[in-house]
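A.B. asks: Output the structure for:
(2 chains)
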Amino acid sequence: MVTLTINGRKIEVEAGTTILQAAEKLGVFIPTFCYDPRLSLVGACRMCVVEVEGARALVASCCTPVGEGMMVQTDTERVLTARRANLNLLLANHPLDCLTCEKAGNCRLQDYCYLYGIEKSEFGGEQKDYAPDDTNPFFVRDMNKCILCGLCVRTCHEINGAGAIEFIKRGFDSKVTPAFDDPMEHSPCVFCGMCTDVCPVGALTPRLGMGKGRSWELTKVKTICPYCGTGCGLELYVKDNTVVGVRGDADSPVNRGQTCVKGHFGLDFLNSPDRLTTPLIRKNGALVEATWDEALDLVASKLKEVKGTEIAGLASARVTSEDNYLFQKLLRMLGSNNVDHCARL
Amino acid sequence: MTNSVGEIEDAAAMLVIGSNTTEAHPVLAYRMRMAKKKGAALIVADPRRIELAEEADVFLQLRPGTNEALLNGLINVIIAEELMDREFIAARTEGYEEMAAAVARYTPEYVAEITGVAAGDIRKAARLYAGAERAGIYYTMGITQHTSGTNTVLTIANLAMLTGNLGKPSSGVNPLRGQNNVQGACDMGALPVVYTAYQRVDVEENRNKFSRAWGVELNPQPGLTVTEMMEGALEGKVRFLYIMGENPALTDANLHHVEEALEKVEFLVVQDIFLTETAAKAHVVLPAAAFAEKGGTFTNTERRVQLFKQAVTPPGKAKADWQILQELARRVGFNWQYNGPADIFAEITTLTPSYAGISYERLEQEGGLQWPCPSPDHPGTPYLHGDKFTRGKGMFSVVEYTPAAEMTDGDYPLILTTGRNLYHYHSGSMTHRSKGIEAYRPEELAQVNVDDAARMGICDGDLVKLSSRRGELETRVEVTDVVPPGVVFMTFHFPAAPVNILTNDKLDPVAKIPELKVCAVKMEKVAS
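C.D. replies: Numbering: from 1, shown residues only, chains lettered A, B, ... in the order given. The predicted structure follows:
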């Protein structure tokens, strides 16, 4: 164990813990862009810099291990000046279209500029001018807004494994993109959408929610993915009784926030105009709209006409356990064990 | 799964067989890659050069329908090279000698002849698997959708027991289940032979328990499986068919036969969220709420019961399945009084020993719980068979290789095998209605080997006619080396190219699973 002092408060942590993790334990806030505990540490964004007594320069708290007796200050004037300079540089070529940006209200660049009082950049100069890439049907990439934190790159390589994107070029021309700067669909991208979940700014925007509501208008409801048997936790974002956003649930013990294309981008069938909205009864060969009473009375009368063993039913691997339980209970109470579902398919 | 999702990344060796994990279970494939990064050995066995094969330490590209031979070959090497876990075999199992005698003839050279896998690769795979401290086997329908499916699962159990890879973390026999609540549906007794938690209907004690709880006499005769129901409908023995949230008109083998049955049955009720191919044939269609429009529990592949809440209301007059069932039950004279899924779950726990300790309160506070969870103070069970097996000692089985029911011949010279792709799901009733997915993957692309295609003058994107003894269809093709010469792969996701028109409905005698993974077809180019 190692004992250190952060902002005058002593804390004992395991050796190998970073200053950032120790600060989190104390409830001390340190801003970050490029840090994610699920990914490798790069210490690139310099937002998390803190002052360590005796150190020559400010250190990146996300990747500096604690040392015995270390004295750390997270909010000295020197630290704040460095963070402000950092934000100034980022804003120098970041579009200030926050009024219409989908990320507004949920953007770390916006939050930190608010926190440190940066209204606009002190630096003039060149602006990036990339055409937004909207060639794939799942999300839009606007590299003018990218702050090069690399979270998406590391997620793609370290969590997914597809390795579809990387940094190209150097300096001001640095850009995150697939090989040869091709569109996403010509890359190994499998559209898991995890890059859109980790992006701290508005560079990667799922199409589903575009123009459908501001971040603060959405209600988050946790659910379980309806597709394969992994049972990934998902967060649904709802506005006006419509699901307009989906993210992986980082708290799920199963997927820890990870997703695939079906879970992340395949839930809009909920809003399909093809949804059945009323009972239907076949009359003169065609299915016609009916009331619940008409439909259920008809089903019940037919059930009463046949013997229990003449009834058979397929339950479903896609409805809840409660639904399945009642289905087999109903058939068995009617005298039939002819209950199955597509577990074999 | 005997083990848990979270344990995968700490395995020292992984045998992935009959599972295209990166496409069918992508998140589990991420974990396999993490394990690989931490130093695990990866053995992949599949007829196709799937994505994981590229990352494997050894890739065993076996002929479709030869799983048991390959697995017996691995067992043969482990025994011949004395790599087995003698302590585990002595303490925890029985039947070893008989099994060992039976696999003696499955030398790598003999198995190489059957499977087409090089003998050296079989030896290498066996050494990697048996040499690891913790080795997990991961499989899906590539193992089970064969007439020999049950036997193959038994050989997988043999392999795991032989090496002591059961009853400890990051090991085990792990079927990766394909549908989000297929585990829950099985646990809930949506099966013809059992009530909840696999309590057989033909055991009087079980029947009495459910009879008392439900207040009616219960039928002691096991019921019909899906395939037998369709037969029953054709013979007039099944007169009323109630289908809730399934689309057998696309997903079952030998579709012409299923279609006939659905048309023949006297009264067909379909309860679904879309007017599926099956619903279109119904006498009554009942509109159901989708997952986000109701609450309840799903049980995932690692036996984890997870609670979720309603996010939005159902469209129009659609209702949750449990509400529809309750209203119907009341109309046929049963006085059901459930106020919501919580009431139903509470009843389930009183009748289901493996769920007895689970409650909505606990699920809400603790997140998911893995069954068996027999009492309220039980933490749940991340891996099974810790101290002993269900029957006490683990029983080795003697399994001989049996070829697939339908082999290629002069008329039908190619093997057709089926599965999933990354983008679509099952019959596609949900994914075809997802705008992005449908835009990205709008149609089937059957995989045809480069050499076969060249011989027949077929190019990428061409239209071909595929026929089997049961039917024919047209599909566009992708020319690729993912499939070996002589093999064609199709998914069952596309109503316009319904592969199950072609597949063989010959069943595994025990599990009654049709042989969807192997049938003989012929291919002809369709003039454009």
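A.B. asks: Could you grab the helix/strand/coil label for the residue nearest the centre of chain A?
C.D. replies: Closest to where the C-alpha atoms of chain A average out (CA atoms, centre = their mean) is residue A:197, at 3.0 Å. With DSSP: H, G, I helix; E, B strand; the rest coil as the basis, residue A:197 sits in helix.
A.B. asks: So it sits against residue A:258, correct?
C.D. replies: No. Using CB atoms under 8 Å, residue A:197 is not in contact with residue A:258; the gap is 9.2 Å. Yep, even glycine has a C-beta here, placed from its N, CA and C like the rest.
A.B. asks: Overlap of the contact sets of these two?
C.D. replies: residue A:248 (CB atoms under 8 Å, 6 or more residues apart in numbering or on different chains).
A.B. asks: Output the set of residues of the stretch 51-200 of chain A in proximity to chain B.
C.D. replies: Residues of the stretch 51-200 of chain A found near chain B (CB under 8 Å from any CB of the partner chain) are A:136-138, A:159-161, A:185, A:190-192.
A.B. asks: Closest one to residue B:494 out of those residues, please.
C.D. replies: Minimum distance to residue B:494 across these is 17.8 Å, recorded for residue A:137 (CB to CB).
A.B. asks: Can you find the helix or strand of chain B with the lowest average pLDDT?
C.D. replies: Counting by mean pLDDT, DSSP states H and E, chain B has its least confident helix or strand at helix B:248-251, which shows a mean of 84.
A.B. asks: Output it as CSV - backbone C-alpha positions only.
C.D. replies: C-alpha atoms of helix B:248-251 as CSV (Å, rounded to 0.1, in the frame of the first residue of the first chain):
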residue,chain,number,x,y,z
PRO,B,248,-41.7,-21.4,-38.3
ALA,B,249,-42.7,-20.5,-41.9
LEU,B,250,-39.1,-19.4,-42.4
THR,B,251,-37.0,-20.9,-39.6
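A.B. asks: hang on, the earlier thing: what sits closest to the residue nearest to the centre of chain A if chain neighbours are left out?
C.D. replies: Leaving aside its sequence neighbours, residue A:197 sits nearest to residue A:247 (CB to CB, 6 or more residues apart in numbering or on different chains; 5.0 Å).
A.B. asks: on that earlier part again, reformat the residues of the stretch 51-200 of chain A next to chain B into JSON lines and put pLDDT and secondary structure next to each item.
C.D. replies: What follows is those, written out as JSON lines (pLDDT from 0 to 100; DSSP: H, G, I helix; E, B strand; the rest coil):
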{"residue": "A:136", "pLDDT": "95", "secondary structure": "coil"}
{"residue": "A:137", "pLDDT": "96", "secondary structure": "coil"}
{"residue": "A:138", "pLDDT": "97", "secondary structure": "coil"}
{"residue": "A:159", "pLDDT": "96", "secondary structure": "helix"}
{"residue": "A:160", "pLDDT": "95", "secondary structure": "helix"}
{"residue": "A:161", "pLDDT": "93", "secondary structure": "coil"}
{"residue": "A:185", "pLDDT": "90", "secondary structure": "helix"}
{"residue": "A:190", "pLDDT": "97", "secondary structure": "coil"}
{"residue": "A:191", "pLDDT": "98", "secondary structure": "coil"}
{"residue": "A:192", "pLDDT": "98", "secondary structure": "coil"}
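A.B. asks: distance between stretch B:34-45 and the chain's centre?
C.D. replies: Averaged C-alpha coordinates place stretch B:34-45 at 23 Å from its chain's average position (CA atoms, centre = their mean, to the nearest Å).
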